[in-house]
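**Q** dropping the sequence and predicted coords here.
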Amino acid sequence: RQCRTARLQFEFVVPLGSYVGELRDAVLRMKRPTGEMLAANIGRLFCLHCGGLLRERRPDVVVPVPMHWTRRLARGANSPEIVAEMIGNCVGAPVLSHGLVRTRATLPQKDLPPKSRVANVRGAFRASQQERLRGASVLLVDDIVTTGATCNEAARILRAAGASRVGVAVIARAERAD
């Protein structure tokens, strides 16, 4: 797998489960404009099943992977941001909803072959609230990880802004890119 040879900017990934069956369906429904309540409940479920492991990692701040404003306008909500709020409450760490900003619209990663995903997200984020990131252990939250390209780029930017460590919490981990 490509992710095994890449230099990763994050230290760990904690998934709720695999991107199959009912969890896959739930993740896809969370992405719809009406998915906010489902995202909150999935966040609670995540905390129930993985909260202890996340607390052991002792994050200082929780940062959701941001959407570009055009996609957010179409969807209405960013499910990783909603899940991040639940996780922040669970681990007792503040959520920096704007700790990362998406600087440009990117193609949906699911529509790209694995080798194109890194280039698609390269330079797509910038850090804000750098004073709160400096020296911090950051827990990055996203909905799905497949190749790790999005999380890796986001983690790279967080580390460049001074984060001491970056770990990732995702609702689902896909076993391979389609």
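**A** Cool, the structure landed.
**Q** my guess is residue 42 contacts residue 16, does it?
**A** Yes: here residue 42 reaches residue 16: they are 7.4 Å apart, a contact under C-beta atoms under 8 Å. C-beta coordinates here come from the backbone N, C-alpha and C atoms, glycine included.
**Q** which stretches of the protein form strands?
**A** Counting by DSSP state E, residue ranges of the strands within the chain are 13-18, 61-64, 100-102, 125-127, 137-145, 165-173.
**Q** could you say what helices and strands the third one packs with?
**A** Looking back up the chat, that one is strand 100-102. Applying 3 or more C-beta pairs under 8 Å, 6 or more residues apart in numbering; DSSP states H and E, we find strand 100-102 packed against strand 125-127, helix 149-160.
**Q** among the ones you listed, show me which one is buried the most.
**A** helix 149-160 (a mean of 23; mean count of other C-beta atoms under 10 Å).
**Q** what's the angle from it to strand 13-18?
**A** 160 degrees (axes from the mean of the first three to the mean of the last three C-alpha atoms, to 10 degrees).
**Q** export helix 149-160 to PDB, keeping only CA atoms.
**A** Extracted C-alpha coordinates of helix 149-160, given in PDB (Å, rounded to 0.1, in the frame of the first residue of the first chain):
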ATOM      1  CA  ALA A 149      -3.400  12.000   1.800                       C
ATOM      2  CA  THR A 150      -5.800  14.500   3.300                       C
ATOM      3  CA  CYS A 151      -4.900  13.800   6.900                       C
ATOM      4  CA  ASN A 152      -1.200  13.800   6.000                       C
ATOM      5  CA  GLU A 153      -1.400  17.200   4.400                       C
ATOM      6  CA  ALA A 154      -3.400  18.700   7.200                       C
ATOM      7  CA  ALA A 155      -1.000  17.200   9.700                       C
ATOM      8  CA  ARG A 156       2.000  18.600   7.800                       C
ATOM      9  CA  ILE A 157       0.500  22.100   8.000                       C
ATOM     10  CA  LEU A 158      -0.300  21.700  11.700                       C
ATOM     11  CA  ARG A 159       3.300  20.600  12.400                       C
ATOM     12  CA  ALA A 160       4.600  23.500  10.400                       C
END
